[in-house]
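Engineer: Need a 3D model of the sequence below.
(2 chains)
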Protein chains: 2
Amino acid sequence: MLEKTNLTLSVSEKQFNKQMKSLEEQLQSVQQKALSLKIPVLIVFEGWSAAGKGTIISKVLHPLDPRHFNVISTRRMSEDVLYRPFLWQYAKNTPQEGKITIFDKSWHRMILPEGKSARKFSELEKERFYYDINAFENQLVDSGMLIIKFFLHISKDEQKKRFLALEKDKDTKWRVNETDWEQNKEYEKYQLRFSRMLESSDFEASRWTIVEADDKNHATIKVYKTLISRIENEISRRAQAAPKQELNETSDNGSKVENILGKVNLVNKTVEKDEYKKRLEELQHKISYLGYKLYSKRRSVVIAYEGWDAAGKGGNIKRLTQMLDPRGYEVVPIAGPTREELAHHYLWRFWKQMPKDGHLSIFDRSWYGRVMVERIEGFCSREEWSRAYKEINDMEFHLNNHGVIIFKFWLHIDKDEQLARFTSRQNDPLKQFKITEEDWRNRDKWDKYEAAVNELLQRTSSSYAPWHIIESNDKKFARLKTLEIVTTELEKQLK
Amino acid sequence: MLEKTNLTLSVSEKQFNKQMKSLEEQLQSVQQKALSLKIPVLIVFEGWSAAGKGTIISKVLHPLDPRHFNVISTRRMSEDVLYRPFLWQYAKNTPQEGKITIFDKSWHRMILPEGKSARKFSELEKERFYYDINAFENQLVDSGMLIIKFFLHISKDEQKKRFLALEKDKDTKWRVNETDWEQNKEYEKYQLRFSRMLESSDFEASRWTIVEADDKNHATIKVYKTLISRIENEISRRAQAAPKQELNETSDNGSKVENILGKVNLVNKTVEKDEYKKRLEELQHKISYLGYKLYSKRRSVVIAYEGWDAAGKGGNIKRLTQMLDPRGYEVVPIAGPTREELAHHYLWRFWKQMPKDGHLSIFDRSWYGRVMVERIEGFCSREEWSRAYKEINDMEFHLNNHGVIIFKFWLHIDKDEQLARFTSRQNDPLKQFKITEEDWRNRDKWDKYEAAVNELLQRTSSSYAPWHIIESNDKKFARLKTLEIVTTELEKQLK
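Structural biologist: Residues are numbered from 1 along each chain as shown, chains lettered A, B, ... in the order given. Okay, here's the model as predicted:
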């Protein structure tokens, strides 16, 4: 993609000054429109060292309202970032509705080993990488985000000239290091790498714009014009777009959904009190030890708990975590989204909570709310929840690629058992606060939930993130079963 | 405080097992009550190395619902923490309503230099430190938080015995380092230091509990009993507490509030267009340079913008930031609080946004909302906003102690000018979205706001965080004035 670029394009100072005033006004005006239409805009700047990213970003920001943009610079790697799936730092920084986020260097950079000592990626790793970023960009675009990607391209001579000029000035000398020079010396090799990266990530929903940047005036104007026309296009697309489809909670994929829950046998899934105590102690001892092993091997774990109301999630989680080092895990209770969360991609709030390597994040309810309560209550459109199965699979795939061990539990009870538990809660003054009108309303929608759960079990079980159905009419049995599943898998993974 | 402790207290295994079951049930039950009453509980564990903090924290957590507590471990210092006022990492981790947060080591630790190489604190620094933590703990307690502080105390011999046992086992050997041994060798000196720290931070609202920890059974039981009785006390205190006072928006301190705004002369505070352009360019050039200097000297800046609706905050902020390196500053727009923010101390959301050393945080509206809109609209009680002046002064004092440079701007226009701007916005299709019914409603309350602003200007202007009134009938004049104030002060501070 880079080889064919005409780097001699340039714009005279006079022409530049003439055009910029109007371009600045136009950009300011499209920012205001995007804000009022709540369009989130994500802008990516990639390019050669010394291609002028910093200068152009400053120029782009000049006419913008600083309350509605932010710039994410990912130059320095902290432990927080290194010990997490590589998309994490980007996913948690994606813009909310109406805001502009500019990434100075981006996720595309991950695949480009810089300098001689950097590690090489295998073909399989590369393939996974492109799968991950394609899925990531696609789901952002599908959610209504506008992604604009720039690659600033300069010639070998121009780069060399700029390095030398930077080195001459004692104030800017530090900005050129050995890795930069390596890039210039091996320019052709790097150009090939950049080209390959650009071609492989030139997705239909989020194409690259190559900016000829030997001449800064030309580069600035091209970036401005691209931004203005892309944002304007999105504004008119929205004006023409059909209103969101109505909710329709039948199965999405046309094919028949298997009645997985209906086939679960809840009978005789019980355990005696003494046996329970003994096994619980053994398993808790084991998981406590495995927790330390996770830490020393720097592996992380994500556990999603879902299940019927009153199925016993709280008590189950408690038995799982009770003997773990409290510095090593976090329980994340998921309630309805806050205003801030609603203004972001629906996976954003889960991304933020993904564990650091060596730690466990345990979600009490999870991203599966999208295809359960949000689907059933109409909090999202049919198009949105239909898309979510793939989006969720993709996110879990990415986590797994990083080495995260994933467990998903459906705590299953039958309708009679739920009624018994609701009634007992209602009659116990200490437990009354646990039961609300909403629980009864949800119970009335049992069949709808059952259909939704059957569908999600079918469509989001994968080898890397399987669902486990936990028979929970007997809470003790359920607790032992989850602990057994977790400890068995961790022992296998940490061998 | 430590010298008089009787470290021979112990509890037999039999007695221990007998008591624990009931204590666990009691603790579980008070957690549930605290949750339903929305009491935030902050628990601090301090103590000697190897005093058993980790073990006791695990024991305390055992009966608790893991969805409603979290443990903050501050052992490792990241850049994020080192480059911020020391209370930052604690303030942003204080519990929300109904939750329990346990700090494994706390802010009290800051004053205790560990190891030989640690720096010493001057008497003045110590005095400031105790002032800061007293103010911090007080304002949390005032907001309804329960703070429970434990110091685990062990004898010299017991500590030595534990170190040797840890060193003997290859799995735990790493847990004892030179600094730990230094503590044991210089036990008496450290005991004196700990004692002084405990005495100086044994505030009425948040007293220390010294836990004799040579015997772990005794220690565990004492911690349990203390927690149960403290939480129970808070529960009954709440049951008896009078309902929140009604709002009464007259001046709080009884004394007369000076009419500061009334005396502001808005006439002739204008600037010609050409002069404006020239000066703006000069000042923006200067602030851009000063931004780099801030970074290299690792000083941070907090700017709070307040002012009448349509006073021109947005445009003013834009001129201030336009030439700054976008990686160096953040503009934080403050809207009404989210549900999550409402469940925390009102300063929590501002704490989270405080800049790292070397950076600027610019707040478009700020914590002063507490004594303006929240006071006038009755979003908080009279008692709460009356208390806020001191709380705000204390927070700013703490920031300044860390070296943060603070600016507070009141953008002032008169009532006629506001009307003209509202009308012009209403008539401009591009700007209509900027004007809402709420703006008109606020305008009707001009006099109430004026009184509130006069009071806050009077009560929160300090040498370390002065208010600047910016005459803004002419926006250009206002922009130059803020830029001049900022650049002049930064030049002085960064000399």
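
Engineer: residues touching residue A:412, list them.
Structural biologist: By CB atoms under 8 Å, 6 or more residues apart in numbering or on different chains, residue A:412 lies in contact with A:261, A:264, A:266, A:307, A:308, A:311, A:469, A:470, A:471, A:472. Quick note: C-beta positions are derived from backbone N, CA and C, even for glycine.

Engineer: Could you export those residues as JSON lines, including distance to chain B, secondary structure and pLDDT?
Structural biologist: As requested, the contacts of residue A:412 are arranged in JSON lines below (distance: CB to the nearest CB, whole Å; DSSP: H, G, I helix; E, B strand; the rest coil; pLDDT from 0 to 100):
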{"residue": "A:261", "distance to chain B": "25", "secondary structure": "helix", "pLDDT": "94"}
{"residue": "A:264", "distance to chain B": "26", "secondary structure": "coil", "pLDDT": "94"}
{"residue": "A:266", "distance to chain B": "25", "secondary structure": "coil", "pLDDT": "93"}
{"residue": "A:307", "distance to chain B": "14", "secondary structure": "strand", "pLDDT": "97"}
{"residue": "A:308", "distance to chain B": "17", "secondary structure": "coil", "pLDDT": "97"}
{"residue": "A:311", "distance to chain B": "14", "secondary structure": "coil", "pLDDT": "96"}
{"residue": "A:469", "distance to chain B": "22", "secondary structure": "strand", "pLDDT": "97"}
{"residue": "A:470", "distance to chain B": "17", "secondary structure": "strand", "pLDDT": "98"}
{"residue": "A:471", "distance to chain B": "22", "secondary structure": "strand", "pLDDT": "97"}
{"residue": "A:472", "distance to chain B": "17", "secondary structure": "coil", "pLDDT": "97"}
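
Engineer: Test my guess that residue A:121 contacts residue A:111.
Structural biologist: Yes: the criterion here is CB atoms under 8 Å, and residue A:121 meets it with residue A:111 at 6.4 Å.

Engineer: can you put the contacts of residue A:412 in a markdown table and add neighbour count?
Structural biologist: Output for the contacts of residue A:412, formatted as a markdown table (neighbours: other CB atoms under 10 Å in any protein chain shown):
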| residue | neighbour count |
| --- | --- |
| A:261 | 17 |
| A:264 | 14 |
| A:266 | 16 |
| A:307 | 21 |
| A:308 | 25 |
| A:311 | 24 |
| A:469 | 18 |
| A:470 | 25 |
| A:471 | 19 |
| A:472 | 29 |
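
Engineer: out of those, which one sits closest to residue B:477?
Structural biologist: The shortest gap between residue B:477 and any of the contacts of residue A:412 belongs to residue A:307, at 63.3 Å (CB to CB).

Engineer: Please give me every residue in contact with the closest one.
Structural biologist: If you count contacts by CB under 8 Å, 6+ apart, residue A:307 has them with A:313, A:409, A:410, A:411, A:412, A:413, A:470, A:472.

Engineer: Tell me which stretches of the stretch 101-250 of chain A form strands.
Structural biologist: Remark: strands assigned in the stretch 101-250 of chain A by DSSP state E, counting those that start in this stretch are A:146-153, A:208-212.

Engineer: Deepest-packed of those strands, please.
Structural biologist: strand A:146-153 (a mean of 23; mean count of other CB atoms under 10 Å in any protein chain shown).

Engineer: That one vs strand A:208-212, what angle?
Structural biologist: 30 degrees (axes from the mean of the first three to the mean of the last three CA atoms, to 10 degrees).

Engineer: avg pLDDT for strand A:146-153?
Structural biologist: Across strand A:146-153, pLDDT averages out at 97.

Engineer: Which strands and helices lie in contact with the helix or strand that residue A:454 is a member of?
Structural biologist: Remark: residue A:454 resides in helix A:446-460, with elements defined by DSSP states H and E. Helix A:446-460 sits against helix A:373-377, helix A:382-402, strand A:405-412, strand A:467-471, with contacts defined as 3 or more CB pairs under 8 Å, 6 or more residues apart in numbering or on different chains; DSSP states H and E.

Engineer: repeat that with 10 Å
Structural biologist: Counting contacts by 3 or more CB pairs under 10 Å, 6 or more residues apart in numbering or on different chains; DSSP states H and E, helix A:446-460 is packed against strand A:301-307, helix A:373-377, helix A:382-402, strand A:405-412, helix A:415-427, helix A:437-444, strand A:467-471.

Engineer: which residues are in contact with the second one?
Structural biologist: With contact meaning CB atoms under 10 Å, 6 or more residues apart in numbering or on different chains, helix A:373-377 is reached by A:247-249, A:252, A:336-337, A:346, A:365, A:368-369, A:379-382, A:384-386, A:388, A:441-442, A:445, A:448-449, A:451-452, A:455-456.

Engineer: out of the residues you listed, which are buried?
Structural biologist: Buried subset of the contacts of helix A:373-377 (neighbour count, 16 or more other CB atoms under 10 Å in any protein chain shown): A:247, A:249, A:252, A:337, A:346, A:365, A:368-369, A:379-382, A:384-386, A:388, A:442, A:449, A:451-452, A:455-456.

Engineer: Return the member of the contacts of residue A:412 nearest to residue A:275.
Structural biologist: residue A:471 (16.1 Å).

Engineer: What separation is there between the closest residue in space to the closest one that isn't next to it in sequence and residue B:489?
Structural biologist: Spatial nearest neighbour of residue A:471, chain neighbours left out: residue A:269 (3.9 Å); criterion: CB to CB, 6 or more residues apart in numbering or on different chains. To residue B:489, residue A:269 is 71 Å away according to CB to CB, to the nearest Å.
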